[in-house]
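Participant: no sequence on this one, just coordinates:
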């Protein structure tokens, strides 16, 4: 009788609290994407694991939903990955689970989310809030969810926002691509006060000009990979503190789009400067089946050398982006880099084709070319060339 009485009171409490809330839940949009994946590496050997592999089949699923709970808006994005060979790629992540309130020009948002700041096609140096998910993309473009609370103020030609980030997420390293040595699970931190980061951002529009001005202070998302001693057989992630002043701007000059991302600040008691400047220009006289073809050229400079956050420090990126097919069902993107310091470079190719309303295929190749020992970022992964295939089913 005691168990039955407890069950009755639990059910009554749920009915009085949760059920009225659920009754107000409205789903405006939802989608589910399931993908069969296969990642194939050029070389079988991997120094980061005992059991090396060359071919890794897997599965990915992503679910999205957004709507309202009474007067409160919500957004939800869940991601899961399973890989037969790579145990580090078997995980789930809440990319977004956030609530939103708006009254006139004022908005309040909190929960978990992924943010994108920047305008560049190659590397976004001002995109600093979220931890990169290297298990999905070695260039760090894919991001993991970040807990946050933000307050925003909209006006006629822009928005001002302040962010508080209460927690810090360490970077997760897959078994492949390998960084030459295994990565330790125990990280080092410059400060014991990790989490509680703050950021500010103003986003403005004026005619053909779009500008973002930002500030970030806290633990840097990209760690330094250090060897605690010359005899160490593992690399240890070392997370340093950073203070950033950020600028990203985009200007439409006729048919050409001019882009700039710049960042300055202090790390390890030294000032630094980084910038990515480039352009995107459409190419005309296209075949009938070509919907769009654009030339991309960008130059990245970063004076932090081995302490930089990105793959490049003094690099030129040249590429093409195209949409083709009768209705633009296929998209191609290709970028090649050249490092003026080490003369190393890599090639990043991607192709996506929609087969029907429900199915599409996606492939990406990452090839490391002419990498010398002086390139501290590319040399450890010089043999980690890979191509990835995905077959998506979406509804």
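Facilitator: Arrived safely, thanks for sending. Quick caveat: nothing in here was measured; it's all calculated off a predicted structure.

Participant: how deep is residue 175 tucked in, by neighbour count?
Facilitator: Per other CB atoms under 10 Å, the neighbour tally for residue 175 reads 22. C-beta coordinates here come from the backbone N, C-alpha and C atoms, glycine included.

Participant: check residue 355 too.
Facilitator: By other CB under 10 Å, 12 other residues sit near residue 355.

Participant: pLDDT at residue 17, what is it?
Facilitator: Here, the pLDDT recorded for residue 17 equals 51.

Participant: to clarify, my last question referred to residue 1.
Facilitator: On pLDDT, residue 1 comes in at 51.

Participant: what's the answer for residue 278, then?
Facilitator: Looking at residue 278, its pLDDT stands at 97.

Participant: what about it, neighbour count?
Facilitator: When neighbours are counted by other CB under 10 Å, residue 278 registers 22.

Participant: wait, what's in contact with it?
Facilitator: 120, 121, 122, 258, 259, 260, 296, 297, 298, 299, 317 (CB atoms under 8 Å, 6 or more residues apart in numbering).

Participant: highest neighbour count among those?
Facilitator: Greatest neighbour count in the contacts of residue 278, by other CB under 10 Å, goes to residue 122: 26 neighbours.

Participant: residues contacting the residue nearest to it when sequence neighbours are not counted?
Facilitator: In space, and not counting its chain neighbours, residue 122 is closest to residue 317: 4.0 Å by CB to CB, 6 or more residues apart in numbering. Residue 317 makes contacts with 121, 122, 123, 278, 296, 297, 298, 299, 300, 335, 336, 337, as judged by CB under 8 Å, 6+ apart.

Participant: quickly note the distance from residue 317 to residue 296.
Facilitator: Noted for residue 317: a distance of 7 Å to residue 296, by CB to CB, to the nearest Å.

Participant: so what sits against both of these two?
Facilitator: In contact with both residue 317 and residue 296: 121, 122, 278, 335, using CB under 8 Å, 6+ apart.

Participant: for the last one, helix, strand, or coil?
Facilitator: Each residue gets one of three states, and residue 335 gets strand by DSSP: H, G, I helix; E, B strand; the rest coil.

Participant: list the contacts for the nearest residue to it once chain neighbours are set aside?
Facilitator: Distances taken as CB to CB, 6+ apart place residue 319 nearest to residue 335, at 3.4 Å, with adjacent residues excluded. By CB under 8 Å, 6+ apart, residue 319 lies in contact with 121, 122, 295, 296, 297, 333, 334, 335, 336, 348.

Participant: partners of the host helix or strand of residue 319 in the sheet?
Facilitator: Using DSSP states H and E, residue 319 sits in strand 314-324. Using DSSP bridges, the strands paired with strand 314-324 in its sheet are strand 290-302 (antiparallel), strand 330-339 (antiparallel).

Participant: just send these back as TSV, with mean pLDDT and distance to residue 25 too.
Facilitator: Listed next are the strands paired with strand 314-324 as TSV, based on pLDDT from 0 to 100; distance: least, CB to CB, whole Å:
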stretch	mean pLDDT	distance to residue 25
strand 290-302	90	39
strand 330-339	92	35
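
Participant: of the ones you listed, which is nearest residue 201?
Facilitator: strand 290-302 (21.5 Å; CB to CB).

Participant: ok, residues contacting the closest one?
Facilitator: 120-123, 125, 259, 272-283, 286, 308-310, 312-325, 327-328, 335.

Participant: from memory residue 333 sits against residue 321, does it?
Facilitator: Yes: contact criterion CB atoms under 8 Å: residue 333 and residue 321 qualify, at 5.0 Å.

Participant: state the distance from the residue nearest to residue 122 to residue 195.
Facilitator: For residue 317 relative to residue 195 (CB to CB), the value is 34 Å.

Participant: got it, and residue 126?
Facilitator: Residue 126 is 21 Å from residue 195, by CB to CB.

Participant: more neighbours, those two?
Facilitator: Set side by side, residue 126 and residue 195 show more neighbours around residue 126, with 27 against 12, by other CB under 10 Å.

Participant: quick one: pLDDT of the more buried one?
Facilitator: 97.

Participant: these two touch, right, it and residue 116?
Facilitator: No: counting by CB under 8 Å, residue 126 does not reach residue 116; the two are 9.9 Å apart.

Participant: quick one: residue 185 from residue 238, how far?
Facilitator: Computed with CB to CB, the distance linking residue 185 and residue 238 is 14 Å.

Participant: so for these two, which sits in the more crowded spot?
Facilitator: Higher neighbour count among residue 185 and residue 238: residue 238, with 15 against 11, using other CB under 10 Å.

Participant: for the stretch 51-200 of the chain, give me the ranges with low pLDDT.
Facilitator: Applying pLDDT under 70 to the stretch 51-200 of the chain flags residues 51.

Participant: how about the strands in it?
Facilitator: Ranges of strands within the stretch 51-200 of the chain are 55-69, 72-83, 91-103, 106-113, 146-155, 158-165, 188-189, 197-206, based on DSSP state E, counting those that start in this stretch.

Participant: show me where pLDDT drops low in the stretch 201-350 of the chain?
Facilitator: For the stretch 201-350 of the chain, applying pLDDT under 70 flags the ranges 285-290, 326-328.

Participant: show me which strand runs longest in this structure.
Facilitator: strand 25-41 (DSSP state E).

Participant: in it, what counts as buried?
Facilitator: Neighbour counts over strand 25-41 (16 or more other CB atoms under 10 Å) mark 33, 35, 37, 38, 39, 41 as buried.
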